[in-house]
Every structure is written in structure tokens, then in C-alpha cells.
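1. Here is a sequence together with a model predicted from it:
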Number of protein chains: 2
Amino acid sequence: MSLSQTEENYLKAIYSLAYANSNKVSTTLISAELNTKASSVTDMIQKLADKDLVHYKKYQGVSLTEIGRKIAVEIVRKHRLWEVFLVNKLNYNWDEVHELAEQLEHIKSETLIDKLEAFLEFPTHDPHGDQIPDKNGNIEHHKNMMLSTLEIGESCVVIGIKDSSDPFLKFLDKLQIQLGSIIKVVSKEPFDNSMLVETATGSISISHQISKNLFVKKL
Amino acid sequence: MSLSQTEENYLKAIYSLAYANSNKVSTTLISAELNTKASSVTDMIQKLADKDLVHYKKYQGVSLTEIGRKIAVEIVRKHRLWEVFLVNKLNYNWDEVHELAEQLEHIKSETLIDKLEAFLEFPTHDPHGDQIPDKNGNIEHHKNMMLSTLEIGESCVVIGIKDSSDPFLKFLDKLQIQLGSIIKVVSKEPFDNSMLVETATGSISISHQISKNLFVKKL
DNA sequence: TTTTATTTTTAGACAAGTCTAAAAATTTTA
DNA sequence: TAAAATTTTTAGACTTGTCTAAAAATAAAA
Ligand SMILES: [Mn+2]
Ligand SMILES: [Mn+2]
Ligand SMILES: [Mn+2]
Ligand SMILES: [Mn+2]
């Protein structure tokens, strides 16, 4: 049973939405994620339900079946490994690789992705700090601490980003913040929740919008 | 104007058929190449003619326009560069890469293929000895000498293969003949056009079917 | 607890790419 | 050069994925 690119994109969208929200995903959420209309989503949902890739009861939202989840994680794995290839081997910047990986993740092969993984020397995280699932579909996500939750005086290292959209990545580049950057909280402004932080390149002010999208590990 | 994978495959098919035959390509030839029906080909031909990618007069066969040819060569370039990547970097065998390259050649990006080319250190030929077009679409094909045309006593080096189908590649592997192999013609059998040749690994008999599919350069 | 607003599903349509069956044109053969 | 065979094109239909407009169900407000 080979899936179309479109079907794979739906599964992936449901997977990431279910993770961000809480398991049951609504028609409108999916349509927003995939830039389609709700009616198109309903059509596809029914097709995926027929193939036992999602659990679906009319008007009740949708969730992935075990096999549906497995396929979704496989696509995430492919996406992230291709991103590593593009950044580490082809010298792309981390803000340039997403659209390309969107295409490459759909290449069909039994062997390709494992060979690619070996060639990349078994990376554990993609260029945005997201964990790469192993070939059995296992993945633990435990990047739960945000920079915004740190107290004054605490230091941390940046280990991931929540919003990996282009503009955000470009902005981080401008601030010279990358994965591995060390940040110390100097002060916090209760009014707008911004914070003054100390980085390797100096002292900068960071808005709440930024600090709540940076995963960090306390030092 | 972005083309679908299907449209790209038609252009590529017309390109290689026009080269093998003589410019004007028939509906049935294309349908055989792409495993479709002649009626489907006619439909697509008309679409491509509307887009000025092919010259087409009803019942008169089809040929590529300048822009159509340029696109076809670009796809050939991508196909061959991806094949080099798969063989040189991911350790695939030369008989395993064609289907994968059929998919990868359709990845859309302004920059990807040039970066890939640089990463591969600007290879000039793919794993089957076929020349890789440059980024301006230039390609000279001058691999016109077949092993079958050599005289007794002459030596040559294998520089390409005409039929790069799986079975043929596997058979060459078994004979331990690769690109770069040196072959000396010991005798020729007029009855079936087979020849006895001397290779690095010994003396073997080669059928006409084989010798007329091996491009060689005389030593 | 009704009424109203919002979300979700259905109905019907369209574009892309394919197919089969039949008609039209071309090529081959006699 | 006329008849037969082959190739090519058209006509009509089907699938996938999408859309708009309208109906049905659910959620929110009064
Ligand atoms: Mn995708
Ligand atoms: Mn990523
Ligand atoms: Mn292809
Ligand atoms: Mn090749």
C-alpha cells in the first residue's frame, strides 16, 4: 500500500497538530496547516479512515491509528535527515532547507533513508534542534523548557526552536543566536515579559515572542 | 511556468527518443517508452504543444522546441548527478540507482543541483558512463564506437553502455566488466558475430548482443 | 433552553492524467 | 492505385485532489 504525497502530507500534518494540541485534531486546524479548505480535508480524512490510517467519527475530529502514526513518524524522520544533509553536506543555511525537505521527504525507497543516515553518521537532531526518530519510529520529545521560564541570573544553552519558520530563523541569525549558544538572563521586564540577556556577542533585549519559542537546557 | 513530473517525463522521453532515432518521434514510440497508451500520449503532446515545448502537427510526429530541449537536458543533468551521488556517496551499485534517480530528478529548486554538483566535485560522467550536461545545457555525445566494431587484435577501454537496463548491468557485473575495463579482441565469429576477448580476469566469449551495447575507446 | 454563530459535512463541479472504443488518417501490400 | 493494415486522434469515462455553495451538526450566547 503506497501512499500519495498528498496523503503523506495529511498524515504528517495530523501528527504534528495532534502533538501540539491534544490528540484529537479538527478539520479546520488541518485545513489551516495545509492551506486547503475544510471540505477538502473532510474528503481526505474519509479516504484515510477507509485505509485505517486515522480514527474518524463524523464531527468528532480525527486521530492517527498506530499504523498511521508510524508512517507519519517515518516521514518526519526522512524530512529531518534530508535537512541535515542539506545543511551539513551542501552548505545550506538552516533557514533555507525546509521547502526542499518537504519535497525530498516523499522520495520512495526501502533503502535510501538508512543509507543517507549512515552517510550522515547517524545524527540525532536536525538543524533546528528537533530529534530525528530512529528507524523503528521511536522518538522521545523532552525539550520542554522555554527560555521565557528562566529566572534572573540563570544560564542556559539553546537546544531547539519551537517555531522554525523562515522569518524566525533569519531573526535568530541576526541576533547571532544558534543551537548551542549560551544565554544568561540578566533581567526580566514584567510589563511586556521581555528579558535582557547576555550572550557570547554581548547584551541584548529579547521579546517574549522570542523567548517563548526557544527551547533551552539549564546550565 | 513550473511543469508537473509527468510533463517532465514526457519531455525527457521525447529527448532521448529523438536522439536515438532521428528528431521526429512517433506517438507509439513515446507510449512504449512511458508505458502508457497512444491516446494518452496524444493528449499530453497537445498540452505540451500549447505550452510551446514541442513542435506538433497532427499525424506528423513530435519534436522538442528549443525551450523544450533545454528543460529535457536539465532533467537529464539532474538524473545523472543524483546517480553519481547515490553510487559515490551512498554506496549504491550502478544497477540500483535508476529508479531512485527517476524520482530525485523531479525535485524543484533553483540551487540544489548546482550545490550537489559542487559537493560531488563536478563529475563529468554518471555511473553508466553517460556525460553530465553542464548547467547551460551543453552536452556533446561522442561515444560512437561500439566494441562490436573492433577488429581482431585491437584493444580498448570501456567508456559507456548503450542499454543501461538492470539485467544488462547485472550481467556485466557477473562478467566483471566495468567502466574503465580493458578489453582485447582475440577472435571474431562471423556466424553469430560473437567475439572472444581478453579481459583482466581472463578470456571470455561475448555475444553480439553484448558487444553492440558497449561504448569503447580504442587504445 | 432556545436562538444564533460556527464548524463540519455533503453535493456538484473542475483540472490533470489516464483508459477503452471508435473514427480518421497514413502507410503498406497487393 | 485500390484494398488492407497500422497508426493516430477523438469521444467519452474514470480517479485524485481540489473548490464553492448549501445543508447538517455542534458549540456559544442570550
Ligand atoms: Mn511534503
Ligand atoms: Mn527541521
Ligand atoms: Mn522521472
Ligand atoms: Mn545513468
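-> Perfect, thanks for sending it. Numbers count the residues shown, from 1 in each chain, chains lettered A, B, ... in the order given. Ligands and ions are numbered 1, 2, ... in the order given.
2. Domain map for chain A?
-> Domain ranges of chain A: A:5-64, A:147-218, per automatic domain parsing.
3. Out of the ones you listed, name the one with the poorest average pLDDT.
-> Of all these, mean pLDDT reaches its minimum on domain A:147-218 (a mean of 91).
4. Give me the phi and psi for residue A:129.
-> phi 90, psi 10 (degrees, to the nearest 10).
5. Next, work out how far apart it and residue A:165 are.
-> Using Cβ to Cβ, to the nearest Å, we find residue A:129 at a distance of 14 Å from residue A:165. No exception for glycine: its C-beta is placed from N, CA and C like everyone else's.
6. In terms of neighbours, single out the busier of those two.
-> residue A:129 (19 against 12; other Cβ atoms under 10 Å in any protein chain shown).
7. quick revisit: quick one: the domains of chain A as CSV, columns for distance to residue B:115 too.
-> CSV is the format used below for the domains of chain A (distance: least, Cβ to Cβ, whole Å):
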stretch, distance to residue B:115
domain A:5-64, 23
domain A:147-218, 19
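8. Of those, which is nearest ligand 3?
-> In terms of Cβ to the ion, the element of these nearest to ligand 3 is domain A:5-64, at 14.1 Å.
9. is that closest one anywhere near DNA strand C?
-> Yes - using Cβ under 7 Å from any atom of the strand, domain A:5-64 reaches DNA strand C at A:26-28, A:38-39, A:41-43, A:45-46, A:56, A:58-61.
10. Just the closest of those to residue A:169, please.
-> For these, the minimum distance to residue A:169 (Cβ to Cβ) is 27.0 Å, reached by residue A:28.
11. can I assume that closest one is in contact with residue A:38?
-> Yes - using Cβ atoms under 8 Å, residue A:28 makes contact with residue A:38 at a distance of 5.5 Å.
12. Could you pull out the strands in chain A for me?
-> A:54-56, A:62-64, A:155-161, A:182-189, A:194-199, A:202-206, A:214-218 (DSSP state E).
13. Nearest approach to ligand 4 belongs to which of the ones you listed?
-> For the strands of chain A, the distance to ligand 4 is smallest for strand A:62-64, at 38.8 Å, taking Cβ to the ion.
14. tell me the contacts of residue A:96?
-> Contact analysis of residue A:96 by Cβ atoms under 8 Å, 6 or more residues apart in numbering or on different chains lists residue A:86.
15. And it, how close does it get to residue A:214?
-> Applying Cβ to Cβ, the value for residue A:96 to residue A:214 is 20 Å.
16. count of residues packed around residue A:180?
-> Using other Cβ under 10 Å, residue A:180 has 9 neighbouring residues.
17. Likewise for residue A:120?
-> Neighbour count for residue A:120, taken as other Cβ under 10 Å: 15.
18. Surely it touches residue A:83?
-> No - look at residue A:120 against residue A:83 with Cβ under 8 Å: they stay out of range, at 10.2 Å.
19. Overlap of the contact sets of those two?
-> Shared contacts of residue A:120 and residue A:83 (Cβ under 8 Å, 6+ apart): none.
20. before we move on, the earlier item: between residue A:28 and residue A:38, who's got more neighbours?
-> The neighbour comparison of residue A:28 against residue A:38 (other Cβ under 10 Å) goes to residue A:38, with 14 against 11.
21. Distance-wise, check that one relative to residue A:22.
-> Going from residue A:38 to residue A:22 by Cβ to Cβ gives 20 Å.
22. again, but for residue A:56
-> The value you get for residue A:56 to residue A:22, if Cβ to Cβ is used, is 17 Å.
23. Kindly report the same for residue A:187.
-> Going from residue A:187 to residue A:22 by Cβ to Cβ gives 35 Å.
24. ok, residue A:175 - contacts?
-> By Cβ under 8 Å, 6+ apart, the contact list for residue A:175 reads A:199, A:204, A:206.
25. Stretch A:23-32: how far from the chain's middle?
-> From the chain centre to the centre of stretch A:23-32 is a distance of 17 Å (Cα atoms, centre = their mean, to the nearest Å).
26. contact partners of that stretch?
-> Around stretch A:23-32, the neighbours that count as contacts under Cβ under 8 Å, 6+ apart are A:10, A:13-14, A:17-18, A:21, A:36-38, A:40-42, A:45, A:60-63.
27. Apart from its chain neighbours, what residue comes closest to residue A:133?
-> Nearest non-adjacent residue to residue A:133, counting by Cβ to Cβ, 6 or more residues apart in numbering or on different chains: residue A:139, 4.0 Å away.
28. how many neighbours does the one you found have?
-> Using other Cβ under 10 Å, residue A:139 has 14 neighbouring residues.
29. Next: the one 5 residues further on.
-> Burial measure for residue A:144: 7 neighbouring residues, criterion other Cβ under 10 Å.
30. The closest residue to it other than its chain neighbours pairs with what?
-> Of all residues not flanking residue A:144 in the chain, residue A:215 sits nearest, at 7.7 Å (Cβ to Cβ, 6+ apart). Counting by DSSP bridges, residue A:215 forms beta bridges with residue A:146, residue A:160.
31. any idea how far the residue lying closest to residue A:104 once chain neighbours are set aside is from residue A:179?
-> Distance criterion Cβ to Cβ, 6+ apart; nearest residue to residue A:104, sequence neighbours excluded, is residue A:82 at 4.1 Å. Using Cβ to Cβ, residue A:82 is found at 18 Å from residue A:179.
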